[in-house]
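Colleague: Attaching a predicted model along with its sequence, questions to come.
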There are 2 protein chains.
Amino acid sequence: MRITPYGRARTSRQRDTIAEAVELIGAAFTVDDLVCAIRDRRAGAGVATVYRAVSAMEESGWIERVGSREGRALYARCRGGAHHHHAVCTSCGTVLATDCPLEAAALSAEVEHGFTVTAHEVTLYGLCRTCQVSENNAAGDGD
Amino acid sequence: MRITPYGRARTSRQRDTIAEAVELIGAAFTVDDLVCAIRDRRAGAGVATVYRAVSAMEESGWIERVGSREGRALYARCRGGAHHHHAVCTSCGTVLATDCPLEAAALSAEVEHGFTVTAHEVTLYGLCRTCQVSENNAAGDGD
DNA sequence: TACGCAAATGAGAATGATTATCACTTCTCG
DNA sequence: CGAGAAGTGATAATCATTCTCATTTGCGTA
């Protein structure tokens, strides 16, 4: 089963444009990022449409929610497959996938507290290699 | 330095009531939970006041944000001290502290991707021992 | 190819949590 | 006491997200 941006839902000019914008951004994005990105393009889409498209893409597993940024939900292209989590660069938005480190923690919670873990959220924030280099170069520039 | 609910900020009848409500609930809570809890009490407090009190308590380190529930921010009494994370019972709201399992993951992200982790979020959701027992007893009751 | 209808669209209203405003009250401290 | 800083609260404002509903469109089918 091949995963398409919208699963087996209907496609449209707007949804194509939105999916392209996701690919184009290539990093973590908010709904607002998409709205801005497609403003330039000939085939625009209303805010409600973008929200609906994002929901559809999330439902189909093409993207996933990876956290939030300033009160806005943050999404990223889904790598599919195995259970994993995300490292989000707070400077450029790059998203890296990391293995799930919680099997041990979940086990520990179960053993120590009798707590059964049914879900968990993990997101790392920091700087990707590229942005670290930029910051080093910019060091001393002031602001 | 002894941690009080509001740090070195001024206290008041309302803030005392709010802090008491936090203790009374003894589990993860939302601002709305507090508003409801103090409605019964003689010393009420406006919504704005509760929000301000929660901010003050969070700033002083007496409580911490542990996630969100249905779009509302979720808080819990802070255990203070070492870096840790939370296991939130999705049934009763009980909050357990767990050790941070991310040192290995953060290290892995750094080694594999050159990613420097500056912050991270971890929350486990599931059922505490008590609620597991309740669910077992209720099994077969239908809904 | 034409038809029918479920699904998608979009402009704007509605929702709902959180924050800001501002006049007023109440501590704190000299 | 008196001043000023901090807290209060009713309400307006903000802001992301969802809903509404009339209209359009994709797509399977006759």
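Modeller: Arrived safely, thanks for sending.

Colleague: Could you point out which residue ranges in chain A have low pLDDT?
Modeller: Chain A contains residues with pLDDT under 70 at A:1-3, A:42, A:80-83, A:99-112, A:118-124, A:135-136, A:138-143.

Colleague: Can you pull the residues of it lying near DNA strand D?
Modeller: Residues of chain A lying close to DNA strand D by Cβ under 7 Å from any atom of the strand are A:10-13, A:30-32, A:47-48, A:51, A:55, A:71-73. Every C-beta, even on glycine, is put in place using the N, C-alpha and C of the backbone.

Colleague: now the residues you listed: which count as buried?
Modeller: For the residues of chain A next to DNA strand D, a neighbour count by 16 or more other Cβ atoms under 10 Å in any protein chain shown gives the buried set as A:30, A:31, A:73.

Colleague: Closest one to chain B out of those residues, please.
Modeller: Set against chain B, the nearest of those by Cβ to the nearest Cβ is residue A:73 (10.5 Å).

Colleague: gap between the closest one and residue A:19?
Modeller: 17 Å (Cβ to Cβ, to the nearest Å).

Colleague: from chain A, which residue is nearest to DNA strand C?
Modeller: Distances between chain A and DNA strand C by Cβ to the nearest atom of the strand are smallest at residue A:46, namely 2.9 Å.

Colleague: And that residue, its phi and psi?
Modeller: phi -70, psi 160 (degrees, to the nearest 10).

Colleague: Let me see the domain layout of chain A.
Modeller: A:1-81, A:84-143 (automatic domain parsing).

Colleague: and these as a markdown table, adding distance to residue B:62?
Modeller: Formatted as a markdown table, the domains of chain A follow (distance: least, Cβ to Cβ, whole Å):
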| stretch | distance to residue B:62 |
| --- | --- |
| domain A:1-81 | 24 |
| domain A:84-143 | 23 |
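
Colleague: Any chance of TSV for those domains, columns distance to chain B?
Modeller: Formatted as TSV, these follow (distance: least, Cβ to the nearest Cβ, whole Å):
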stretch	distance to chain B
domain A:1-81	7
domain A:84-143	3
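
Colleague: ok, and the closest non-adjacent residue to the residue sitting nearest the centre point of chain A?
Modeller: Centroid-nearest residue in chain A, with Cα atoms, centre = their mean: residue A:76, separated by 2.2 Å. Distance criterion Cβ to Cβ, 6 or more residues apart in numbering or on different chains; nearest residue to residue A:76, sequence neighbours excluded, is residue A:95 at 4.2 Å.

Colleague: OK, contacts around that neighbour?
Modeller: Contact partners of residue A:95, counting by Cβ atoms under 8 Å, 6 or more residues apart in numbering or on different chains, are A:27, A:28, A:66, A:76, A:77, A:86, A:87, A:88, A:89.
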